[in-house]
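Asks: 3D, please:
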Amino acid sequence: MQNIDDYLGQHKDRFLAELIELLKIPSISADSAFSQDVLDTADAVKSALQKAGCHHVELCETDGYPIVYGEKIVGPELPTVLVYGHYDVQPADPLDLWHSSPFEPVIKETETHPEGAIFARGACDDKGQLYMHVKALEFMVKTDQLPCNVKFMIEGEEEVGSNNLSIFVAKNKEKLANDIILISDTGMIANDVPSITTGLRGLSYVEVEVTGPNRDLHSGLYGGAVANPINVLAKMIASLHDENNHITIPGFYDKVEELSERERAEMAKAPFSLESYQRALDIESVYGEKGYSTNERNSIRPTLDVNGIWGGYIGEGAKTVIASKAYAKISMRLVPHQDWKEITALFSEHFKAIAPEGVRVKVKPHHGGQGYVTPIDTIGYRAASKAYETTFGKKPIPQRSGGSIPIVSLFEKELNSKTILMGFGLDSDAIHSPNEHFGVWNFLKGIETIPYFYKYYTEMKAQQ
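Replies: Numbering: from 1, shown residues only. So this is what the prediction gives:
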């Protein structure tokens with residue numbers, strides 16, 4: 001790609017400064033206290049797309065936060081790539097575990113990122129990776145090398161389930177028409193081991209409520225005589241896994257795809273150090289479903305995890321009460337063929353069935369989405385693979401991810417488009433956790449690699 005290295009060298013500091021300003025805005029979609037910040041971020045993304053060279057950019061209103069749409073149409077006869085990303089971020093809690101303020105970005109060297117990494121909420125998920133695409137477009141427009149049409153659809157509700165995105169997509173199929181969708185909201189194995197995500201897990205997210213007595217009770221006067229909702233909830237949650245960490249919900253595994261030994265052997269070729277994995281997490285041992293490796297447990301197997309649990313008194317000192325209510329938030333990561341609505345129904349039925357007498361149970365579904373597998377014999381995958389090979393000097397490894405991007409299956413259904421997942425983050429970048437960060441090298445490598453995808457995809461389409 002002509003002048004890409006020179007352009008990056010000339011504008012590296014500006015690119016980083018612009019990203020840092022974007023990261024300063026606390027666009028936490030889950031908390032209404034930050035609603036204006038989310039809206040401000042949408043405006044900032046709109047401005048960035050305009051400056052990068054999109055000839056049309058607009059904020060598309062929804063019942064929630066707006067979707068930023070932009071386009072640069074080179075010619076109607078050329079292929080069109082639709083870039084998806086999100087400008088909202090996860091809550092930063094717990095704040096006391098951050099080494100620096102989550103919305104005051106700093107660049108620090110780490111063992112994994114000796115060239116420095118940007119520490120901030122949203123640095124990797126997804127503002128940093130989204131901004132790679134903005135700057136890649138800028139380079140191609142400014143140097144007159146954009147070989148195809150590019151559209152952007154950047155939403156502000158990914159971290160809360162993308163509820164309004166499906167409505168927007170269904171109503172705007174012509175506006176969003178494309179030949180392929182490009183997303184950078186995943187990662188790769190290592191900086192010297194590039195990989196392309198070819199599979200995503202689905203998601204079912206629920207909240208449960210267990211109610212006992214009609215008010216908080218004195219634990220001395222009533223303890224042992226009435227059901228304690230916190231005790232009951234703990235037992236119910238514990239029963240959701242057996243001694244082999246197999247999920248006990250009837251019907252949960254009915255549609256789970258069992259990969260062949262050959263496929264599992266191919267997955268096992270990806271470099272992985274159990275010792276390094278444990279050291280990075282400061283754990284003495286891994287834990288999970290019996291009969292599967294760590295990489296299989298977090299990619300091709302479904303899971304059930306408690307994301308939060310609360311009830312009773314948690315303030316300073318003692319207050320001896322039996323709480324009236326106890327709550328938990330539970331997520332289930334699903335593999336392809338498991339339908340998230342069906343799994344949500346199975347969970348709800350089972351959880352209510354295992355409740356003992358003396359308590360009442362409510363299950364509130366929040367959001368979910370289907371899993372996704374992308375074939376590796378398509379033009380899109382081959383173009384992405386060649387782009388990585390050009391900039392990394394080696395062929396990327398296809399890899400299934402344990403994460404979920406529910407809208408990918410929605411895109412295929414509504415827009416009849418395949419998605420290519422070109423992620424440049426690392427597992428160690430602490431997305432959704434305190435001290436989230438994104439390597440400066442990774443950020444710049446993404447900007448360098450993305451233009452080659454456009455180049456090779458356009459060439460391959462012309463030869464089709």
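Asks: need the contact list for the residue lying closest to Gly64 once chain neighbours are set aside.
Replies: Leaving aside its sequence neighbours, Gly64 sits nearest to Asn164 (Cβ to Cβ, 6 or more residues apart in numbering; 4.6 Å). Any C-beta I mention is one placed from the backbone N, CA and C, and that applies to glycine too. Applying Cβ atoms under 8 Å, 6 or more residues apart in numbering to Asn164 gives the contacts Thr62, Asp63, Gly64, Tyr65, Ile67, Glu155, Glu157.
Asks: Now do the worst-scoring helix or strand of the chain on mean pLDDT: everything it contacts.
Replies: When the helices and strands of the chain are scored by mean pLDDT, DSSP states H and E, helix 261-267 comes last with a mean of 82. With Cβ under 8 Å, 6+ apart as the test, helix 261-267 has contacts from Leu259, Asn295, Glu296, Ser299, Ile300, Gln399, Arg400.
Asks: who touches the last one in this structure?
Replies: So the one you mean is Arg400. With Cβ under 8 Å, 6+ apart as the criterion, the residues that contact Arg400 are Thr197, Thr198, Gly199, Leu200, Met267, Ser299, Ile300, Val373.
Asks: Give me the pLDDT for the closest residue to it other than its chain neighbours.
Replies: Leaving aside its sequence neighbours, Arg400 sits nearest to Gly199 (Cβ to Cβ, 6+ apart; 3.4 Å). pLDDT for Gly199: 87.
Asks: Gly199 and Pro336, how far apart?
Replies: According to Cβ to Cβ, to the nearest Å, Gly199 and Pro336 sit 7 Å apart.
Asks: Quick check: neighbours shared by the two?
Replies: Gly371, Tyr372, Val373.
Asks: quick one: the second one and Thr197 touch, right?
Replies: No. Between Tyr372 and Thr197 there is no contact under Cβ atoms under 8 Å: 9.5 Å.
Asks: all helices for the chain, in order.
Replies: 4-23, 35-52, 127-142, 165-171, 219-222, 229-238, 261-267, 274-281, 294-297, 340-353, 379-392, 407-415, 440-463 (DSSP state H).
Asks: The third one: how far from the chain's middle?
Replies: In this case it means helix 127-142. Per Cα atoms, centre = their mean, to the nearest Å, the displacement of helix 127-142 from the mean C-alpha position of its chain is 20 Å.
Asks: and that helix, what does it pack onto?
Replies: Applying 3 or more Cβ pairs under 8 Å, 6 or more residues apart in numbering; DSSP states H and E, one finds that helix 127-142 contacts helix 4-23, helix 35-52, strand 80-86, strand 149-155, helix 440-463.
Asks: Report the buried residues of stretch 357-367.
Replies: Neighbour counts over stretch 357-367 (16 or more other Cβ atoms under 10 Å) mark Val359, Val361, Val363, His366, His367 as buried.
Asks: Put together CSV for these, with distance to Glu289 on each row.
Replies: Converted to CSV, the buried residues of stretch 357-367 look like this (distance: Cβ to Cβ, whole Å):
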residue, distance to Glu289
Val359, 29
Val361, 26
Val363, 24
His366, 24
His367, 25
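Asks: Can you tell me, leaving aside adjacent residues, what's nearest to Ala170?
Replies: Using Cβ to Cβ, 6+ apart, the closest residue to Ala170 is Glu414 (5.7 Å).
Asks: hang on, I meant Ala123
Replies: Phe438 (4.0 Å).
Asks: Which strand residues bridge that neighbour?
Replies: Beta-bridge partners for Phe438, by DSSP bridges, are Ile118.
Asks: Next, count neighbours for it.
Replies: Phe438: 32 surrounding residues under other Cβ atoms under 10 Å.
Asks: can you pull the contacts of it?
Replies: The contact partners of Phe438, taken as Cβ under 8 Å, 6+ apart, are Ala117, Ile118, Ala123, Cys124, Gly128, Gln129, Gly425, Asp429.
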